[in-house]
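*Asks:* the amino acid sequence is not available; the structure is as follows:
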């Protein structure tokens with residue numbers, strides 16, 4: 001079987017996010033980069049052994065977040081990583097914006113997903129025939145995470 005969750009991320013002990021001072025408007029040439037006012041803010045992942053750790057990336061690095069649907073379609077060869085983002089909490093952060101570019105790629109809403117036995121997640125959502133459309137799976141997953149329904 002392929003790599004497990006968290007294998008591909010470089011985990012560092014320092015947080016070095018860059019924030020833009022919104023007082024400089026939308027002209028990037030006049031923007032000023034300032035350090036994050038809350039060292040606890042940033043991207044967190046859950047490692048294979050269940051620990052939640054903060055990850056950071058250098059200025060010239062690019063991160064790919066693999067989602068559950070990609071894990072299903074690849075039959076577990078590419079692994080999803082549970083993650084969350086913690087925003088700055090301090091009063092010093094009240095006038096600081098964080099900008100992130102995210103691009104999501106997903107199957108067509110009606111594409112059928114066959115859930116391989118190698119991926120044991122969310123078994124309570126999957127019917128006995130082991131097939132749901134991407135849309136059905138997405139709706140069930142959102143209900144599970146946000147409404148506590150299965």
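*Replies:* Great, that's in hand. On a predicted model such as this, the values are computed, not experimentally measured, just so you know. Numbering: from 1, shown residues only.
*Asks:* how close does residue 108 get to residue 69?
*Replies:* 11 Å (CB to CB, to the nearest Å). Bear in mind the C-beta positions are built from the backbone N, C-alpha and C, glycine included.
*Asks:* what's the overlap in contacts for those two?
*Replies:* Here residue 108 and residue 69 share the contacting residues residue 134, scored by CB atoms under 8 Å, 6 or more residues apart in numbering.
*Asks:* so for the two, which sits in the more crowded spot?
*Replies:* Neighbours were counted for residue 108 and for residue 69 using other CB atoms under 10 Å; residue 69 has more, 19 against 9.
*Asks:* quick one: low-confidence ranges for the protein?
*Replies:* For the chain, applying pLDDT under 70 flags the ranges 1-31, 93-94, 96-100, 149-150.
*Asks:* for the longest helix along it, buried residues please.
*Replies:* The longest helix of the chain (DSSP state H) is helix 134-147. Residues of helix 134-147 classed as buried by neighbour count (16 or more other CB atoms under 10 Å): 134, 136, 137, 138, 140, 141.
*Asks:* from memory the last one sits against residue 68, does it?
*Replies:* Translated: residue 141. Yes. Between residue 141 and residue 68 a contact is recorded at 7.4 Å, counting by CB atoms under 8 Å.
*Asks:* between the two, which contacts overlap?
*Replies:* residue 122.
*Asks:* helices of this protein, start to end?
*Replies:* Going by DSSP H, the chain shows helices at 68-73, 134-147.
*Asks:* possible to save those as CSV with distance to residue 121?
*Replies:* Output for these, formatted as CSV (distance: least, CB to CB, whole Å):
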stretch, distance to residue 121
helix 68-73, 7
helix 134-147, 10
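*Asks:* nearest to residue 33, of these?
*Replies:* Ranking the helices of the chain by proximity to residue 33 (CB to CB) places helix 68-73 first, at 32.4 Å.
*Asks:* which other helices and strands contact the closest one?
*Replies:* Applying 3 or more CB pairs under 8 Å, 6 or more residues apart in numbering; DSSP states H and E, one finds that helix 68-73 contacts strand 112-114, helix 134-147.
*Asks:* strands of the chain, start to end?
*Replies:* Along the chain, the stretches classed as strands by DSSP state E are 18-20, 33-35, 42-46, 52-55, 83-86, 112-114, 131-133.
*Asks:* many thanks, we can stop here.
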